[in-house]
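S.K.: how does the following fold in three dimensions:
(chains A and B)
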There are 2 protein chains.
Amino acid sequence: MQWRYATKSFDASRRIPAATWATLQESLVLSASSFGLQPYRFILVSDPATRARLMPHAWNQRQVVDASHFVVLAARTSMTEAEIDRFLDRVVEARGGSIEALAGYRQLMVGHLLGAEAAARVPQWAARQASIALGNLMTCAALLAVDTCPIEGFVPAEFDRILGLTAQGYASVVCCALGYRSADDKYAAAPKVRFPAVELVWTV
Amino acid sequence: MQWRYATKSFDASRRIPAATWATLQESLVLSASSFGLQPYRFILVSDPATRARLMPHAWNQRQVVDASHFVVLAARTSMTEAEIDRFLDRVVEARGGSIEALAGYRQLMVGHLLGAEAAARVPQWAARQASIALGNLMTCAALLAVDTCPIEGFVPAEFDRILGLTAQGYASVVCCALGYRSADDKYAAAPKVRFPAVELVWTV
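M.R.: Numbering: from 1, shown residues only, chains lettered A, B, ... in the order given. Predicted coordinates for the structure are as follows:
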């Protein structure tokens, strides 16, 4: 984590090897989420033309087009009984047992995520789960000596439109460019700026 | 990440060694955040009596009292010019240069985080930054063979009250219990439940 930094300038000629990317993708898949529901999708934007269309809506940051890989982390905008049941089917598939035995768990999730008041919280709840995955992704990338730049400076509505996310029930939350720093990225040598631990961590 | 799981039963007799905890705390401090602003605090609840007061507001989950360490990740509920300037002072302290040279950066943050419309987004923006830190913390813990259980099942308003967070401008977002699994935690052997990568990762 000392090694990594928000890479401003990527070497557009260097690609993340397929095996390394497979590991990073697995870090997204294995991320922990509330109830285990994984209320997100990770959009790997490989098409250069699509990246070029996204860039102007991301403050023209060149990481969008220069980085080896560019991922948009998108969160569900609502939950449904069908989605909860799809997850419970997966639980039974992975662990055995019966759907009936999970009735209490189902009720807990339904109570927490459906209904008018609960539903209003879902987009932000899902966005937080996607943010957990971003943390995992950046840390795993650093372990594999892959540079990253998390990007919040973009217009989500435009990204959603270009990627066709809205109709599928997702909204973009945050992006991550991944690849290898340019030799001339002056930010690579800049000291990290953090508040001291004694300010950030309160012991009670 | 295959090794870790949401630990339901911690061995209350096992403590995380001080050096290991120092590393985990550093993973929180070094977490990346939007603009670098670190709009969060990590409350390490060491006092057993406080943990006991929190537990009933966390669905009586015993991880709150049994785990070696228990952290509440709290996010700022608003941003101020003073907080932004405090951060910019830190930038100059760490990297040199002048406050004046950061005027454009300051204006960008002010425009994005202050003012009525922007301010309404701050609590959720800050909560997402805290969630990134949770991802880092869980992944770093797993690397150090420390078990974790992220906990969203609690009543934030009660936690805020007991920990005195509201008056300080923070709201609890999510918790993380850390320590070592009990030998009898049956969930340790349960297969992971994840949607397949082909469903979670869309390539465009």
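
S.K.: centroid-nearest residue for chain A?
M.R.: residue A:73 (3.6 Å; C-alpha atoms, centre = their mean).

S.K.: which strand residues bridge that one?
M.R.: Judged by DSSP bridges, the bridge partners of residue A:73 are residue A:42, residue A:174.

S.K.: so what's it up against?
M.R.: Shown in contact with residue A:73 (C-beta atoms under 8 Å, 6 or more residues apart in numbering or on different chains): A:40, A:42, A:43, A:130, A:131, A:133, A:134, A:172, A:173, A:174, A:175, A:176. Yep, even glycine has a C-beta here, placed from its N, CA and C like the rest.

S.K.: burial count for the nearest residue to residue A:23 once chain neighbours are set aside?
M.R.: Counting by C-beta to C-beta, 6 or more residues apart in numbering or on different chains, the nearest residue to residue A:23 once its immediate chain neighbours are dropped is residue A:144, at 6.5 Å. As a burial measure, residue A:144 scores 15 neighbours (other C-beta atoms under 10 Å in any protein chain shown).

S.K.: so residue A:144 touches residue A:25, yeah?
M.R.: No. When contacts are counted by C-beta atoms under 8 Å, residue A:144 is not listed as touching residue A:25 (11.9 Å).

S.K.: returning to that earlier point: got a pLDDT number for the residue nearest to residue A:23?
M.R.: Here the pLDDT value assigned to residue A:144 is 98.

S.K.: could you pull out the strands for chain A?
M.R.: Secondary structure of chain A, counting by DSSP state E: strands at A:40-44, A:69-76, A:147-151, A:170-179, A:201-203.

S.K.: ok, the closest residue to chain B within chain A to residue B:190 distance?
M.R.: Residue of chain A nearest chain B, by C-beta to the nearest C-beta: residue A:135 (2.3 Å). Relative to residue B:190, residue A:135 is positioned 24 Å away (C-beta to C-beta, to the nearest Å).

S.K.: and the residue nearest to residue A:15 when sequence neighbours are not counted, how many neighbours does it have?
M.R.: Leaving out its chain neighbours, the residue that sits closest to residue A:15 by C-beta to C-beta, 6+ apart is residue A:68, at 4.7 Å. Using other C-beta under 10 Å, residue A:68 has 20 other residues around it.

S.K.: now residue A:68: phi and psi?
M.R.: Note on residue A:68: backbone dihedrals following degrees, to the nearest 10 are phi -60, psi -50.

S.K.: in this structure it contacts residue A:180, no?
M.R.: Yes. At 6.9 Å, residue A:68 and residue A:180 qualify as touching, with contact defined as C-beta under 8 Å.

S.K.: what touches both of these two?
M.R.: Counting by C-beta under 8 Å, 6+ apart, the shared contacts of residue A:68 and residue A:180 are A:10, A:14, A:16.

S.K.: put the buried members of those into a ChimeraX selection.
M.R.: Once 16 or more other C-beta atoms under 10 Å in any protein chain shown is used to decide burial, the buried members of these can be selected in ChimeraX as follows:
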select /A:10,16
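
S.K.: so of the shared contacts of residue A:68 and residue A:180, which ones are in helices?
M.R.: If you go by DSSP state H, the shared contacts of residue A:68 and residue A:180 have nothing in helices.

S.K.: who's more crowded, residue A:135 and residue B:190?
M.R.: Here residue A:135 and residue B:190 are compared on neighbour count by other C-beta under 10 Å; more neighbours surround residue A:135, at 26 against 15.

S.K.: give me the distance between the more buried one and residue B:176.
M.R.: 12 Å.

S.K.: which residues does the closest residue to residue A:78 other than its chain neighbours contact?
M.R.: The spatially closest residue to residue A:78, leaving aside those adjacent along the chain, is residue A:122, at 5.6 Å (C-beta to C-beta, 6+ apart). In this structure, residue A:122 makes contact with A:39, A:76, A:77, A:78, A:79, A:113, judged by C-beta under 8 Å, 6+ apart.
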